[in-house]
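Undergrad: Make a model of this:
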Amino acid sequence: MQPKYSELEIERCWLVDETLLPELDSLPMQLITDKYLDNSRLRLRKVEYRGELQYKLCKKYGKTSKISEPITNLYLSREEYHALAHIPGQELIRERYSYSCQGVDFSINVVVGKKAPVIVEAEFESEADAYECEPPPFCIQEVSSDSSYEAVRFVAYRTEN
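TA: Numbers count the residues shown, from 1 in each chain. Coordinates of the predicted model:
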């Protein structure tokens, strides 16, 4: 049973061969600052895109299949975001580039300041649509069901010099 007020996030994720990526500077980019709140499945997020800011609090409930997970997003005001920002947690900053291929919108996620892998992801309306999707040619390995490639895990990666 899906938790009350949640929606099902259907998402596939892949590792990439960074040498095959398109020129990222030519793609639209969002700067995402996530704070994974300690001892919880909550994430506080700030998204910066074209001078606009968006704030969210997300709860992830855990996978219900290899590619599906119920989530709840609560959109916050700037003041609400800053009121919650003091809660202990681990921060991760990513650049998320938008890339379309064969009619599917993909996100190329590059972690800022850490030696973490680049992950490509795409969200879908149904699992059938997700499994029909052919990833871009720079994707080399699907990691959708491998929890070691979830963004929260990258917090522990060492900092780049």
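Undergrad: got the contact list for the longest strand anywhere in the chain?
TA: When the chain is parsed with DSSP state E, its longest strand is strand 89-101. Contacting residues not belonging to strand 89-101 are listed as 22, 24, 27-38, 44, 105-114, 120, 135-136, 151-152, 154-155 [C-beta atoms under 8 Å, 6 or more residues apart in numbering]. Where C-beta positions appear, they are placed from N, C-alpha and C, glycine not excepted.
Undergrad: try stretch 49-57
TA: For stretch 49-57, using C-beta under 8 Å, 6+ apart, the contacting residues are 28-31, 42-47, 73-78, 80-81, 84.
Undergrad: pLDDT weak spots in the protein?
TA: 161 (pLDDT under 70).
Undergrad: Swap in 90 and give it another go.
TA: The model of the chain has pLDDT under 90 over residues 1, 114, 155-161.
Undergrad: picking that back up, which among the contacts of strand 89-101 count as buried?
TA: 29-30, 32-37, 44, 106-111, 120, 135-136, 151, 154-155 (16 or more other C-beta atoms under 10 Å).
Undergrad: L76: what's it in contact with?
TA: With C-beta under 8 Å, 6+ apart, L76 has these contacts: 55-57, 84.
Undergrad: Of the residues you listed, which belong to strands?
TA: 55-57.
Undergrad: for the residues you listed, which one is nearest Y5?
TA: L57 (12.6 Å; C-beta to C-beta).
Undergrad: how many other residues sit next to that closest one?
TA: 18 (other C-beta atoms under 10 Å).
Undergrad: what sits opposite it in the beta ladder?
TA: L44, L74 (DSSP bridges).
Undergrad: How much space separates it from D34?
TA: 11 Å (C-beta to C-beta, to the nearest Å).
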